[in-house]
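[1] This is a predicted model, with the sequence first.
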Amino acid sequence: MRMATLRIIPTLLFCFGVAYAADQKPSSELKVSAKSAIIVDEATGQILYKKDIHTPRYPASTTKIMTGMLLIENCLPTDWIVAPKGVDKIERSSMNLRVGEKVSARGMLYALMLRSANDGCVAVAHHISGSVPEFSKLMNKRAKDIGCLHTNFNNPNGLNDKKHTTTAYDLSLMAREAMKYEEFRQVVKTQKKTIVRSMNHEDLLMKSHNRWLEKDETADGIKTGFTRDAGRCYVGSVTRDGYRIITVILNSEDWQVDHKAMVEWVYANHKRTIAAPAGAEVSRIPVPNSTPEALSVVTNEDVSYLKRSGVEPKVEVNLTSEVKAPLSAGTQVGEATFSDSTGWRKTVPVVAATSLEPDPFILSTMGGKAGFGILSVALIGGVASLRSRRRARFYAKTSRSTFF
């Protein structure tokens with residue numbers, strides 16, 4: 001039997017916050033010069049800060065995050081990528097590829113993410129898909145697969161194109177997906193790397209354009225970008241206090257100033273916290289005609305998030321099925337939604353902490369009084385039946401004595 005969703009205010013919520021140092025008081029509201037910006041928790045995708053995150057903008061060379069990820073997903077590190085015709089005509093940032101030159105997929109990944117090689121991106125596109133237009137289709141498909149809703153790639157390198165746009169939010173999704181790969185993480189935190197190539201032996205050293213790696217030892221990526229139309233762009237990664245954040249900055253006056261402000265604001269005002277550990281009771285529900293008479297409802301997984309200083313979470317439990325005996329421990333009975341005033345929300349299943357059994361003193365679902373009435377009628381009927389049988393035996397005996 002199903003029933004309408006019930007909204008129940010929990011009687012108990014476990015919130016194990018990490019203590020804040022006395023000097024780590026909430027800072028003033030973060031301000032950046034970028035037209036669009038976002039900060040997310042790399043592990044969960046929790047948005048910590050946002051500014052115009054769904055407006056399509058030119059991404060410049062941050063596009064290469066997608067190109068580099070597709071290179072990892074479609075090639076072995078030892079595969080040789082051959083530079084196609086026309087590659088030597090690709091403008092701006094270049095690794096100076098020569099037509100027919102061979103570079104390993106691993107070496108090409110360093111060229112893309114450190115040197116920001118536009119010609120290398122074209123070589124990768126031809127190697128994987130046969131042409132830039134076909135590779136662009138693959139880029140867009142992969143973007144949709146990970147949840148990007150406002151992205152349209154039209155080339156593999158980010159050179160200006162009116163049809164080539166994405167958003168700060170979509171780039172954060174791409175960055176989180178790419179950072180799942182150990183090889184990608186290793187490359188984007190590297191400042192310089194010597195690669196092997198078949199022809200141009202005078203140009204082997206790939207140096208990163210990401211100057212922030214030199215300034216912050218906790219920085220571990222990811223990609224810079226700049227064109228006149230796109231402005232200064234950056235997708236960054238920083239790991240401190242046991243967690244990694246992703247920053248995305250589009251069309252900034254100074255991406256390094258913005259990025260520094262964003263990082264310092266996050267780590268001064270957020271701590272990894274367990275709002276409720278697995279097994280925490282989030283509600284206790286009365287259940288008539290059962291033993292016990294109330295059901296403890298608990299989470300079946302840890303609810304971990306980045307808690308902003310001074311902002312406390314709340315929880316709402318929604319029951320999606322009728323709770324009645326019998327019921328086995330561990331049965332899912334609904335969901336708990338945790339949230340706070342920053343916009344963070346997390347929904348997890350909730351289950352019965354114990355089993356429920358029908359009350360042994362209740363003989364029917366009609367209730368105690370009705371059950372007693374039925375029992376009384378049954379007893380009276382039984383006595384009447386017994387008396388009737390006794391009278392029948394008496395008359396039968398009397399008859400035999402009279403006629404024989």
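    Sure thing, it's come through.

[2] I figured residue 50 hits residue 30, correct?
    No. Using C-beta atoms under 8 Å as the test, residue 50 is too far from residue 30 to be in contact (10.2 Å). Using the backbone N, CA and C atoms, a C-beta is placed for each residue, glycine as well.

[3] how far does stretch 283-293 stretch from start to finish?
    Distance across stretch 283-293, first residue to last, is 14 Å (C-alpha to C-alpha, to the nearest Å).

[4] In the stretch 251-400 of the chain, where is pLDDT below threshold?
    362-400 (pLDDT under 70).

[5] quick one, helices of the stretch 201-350 of the chain?
    Secondary structure of the stretch 201-350 of the chain (DSSP state H, counting those that start in this stretch): helices at 212-215, 255-269.

[6] Contact partners for residue 104?
    77, 78, 79, 80, 81, 195, 196 (C-beta atoms under 8 Å, 6 or more residues apart in numbering).

[7] same thing but 6 Å
    Contact partners of residue 104, counting by C-beta atoms under 6 Å, 6 or more residues apart in numbering, are residue 78.

[8] Roughly how far does it sit from residue 78?
    Distance of residue 104 to residue 78, given as C-beta to C-beta, to the nearest Å: 6 Å.

[9] And residue 260, by the same measure?
    Residue 260 is 39 Å from residue 78, by C-beta to C-beta.

[10] More neighbours: those two, which one.
    Using other C-beta atoms under 10 Å, the more surrounded residue of residue 260 and residue 78 is residue 260, with 17 against 8.

[11] So what's the residue count around the closest residue to residue 69 other than its chain neighbours?
    Leaving aside its sequence neighbours, residue 69 sits nearest to residue 178 (C-beta to C-beta, 6 or more residues apart in numbering; 4.2 Å). Neighbour count for residue 178, taken as other C-beta under 10 Å: 28.

[12] correct me, but residue 178 touches residue 65?
    Yes. Here residue 178 reaches residue 65: they are 5.4 Å apart, a contact under C-beta atoms under 6 Å.

[13] Pull up the gap between residue 314 and residue 338, please.
    Residue 314 is 7 Å from residue 338, by C-beta to C-beta.

[14] show me where pLDDT drops low in the stretch 51-200 of the chain?
    Counting by pLDDT under 70, the stretch 51-200 of the chain contains no low-confidence range.

[15] Mind jotting down where the strands sit in it?
    Along the stretch 51-200 of the chain, counting by DSSP state E, counting those that start in this stretch, strands occupy 80-82, 102-104, 192-194.

[16] In this structure, which residue is most central in space?
    Nearest residue to the geometric centre of the chain (C-alpha atoms, centre = their mean): residue 44, 4.3 Å.

[17] got a pLDDT number for it?
    Residue 44 carries a pLDDT value of 96.

[18] Give me the distance between it and residue 201.
    Taking C-beta to C-beta, one finds residue 44 at 46 Å from residue 201.

[19] ok, now residue 121?
    If you go by C-beta to C-beta, the gap between residue 121 and residue 201 works out to 22 Å.

[20] Compare the two (neighbour count), which wins?
    Neighbour totals were compared for residue 121 and residue 201, and residue 121 leads with 30 against 8 (other C-beta under 10 Å).

[21] quick one: that one and residue 66 touch, right?
    No. With contacts counted by C-beta under 6 Å, residue 121 stays clear of residue 66, the gap being 10.1 Å.
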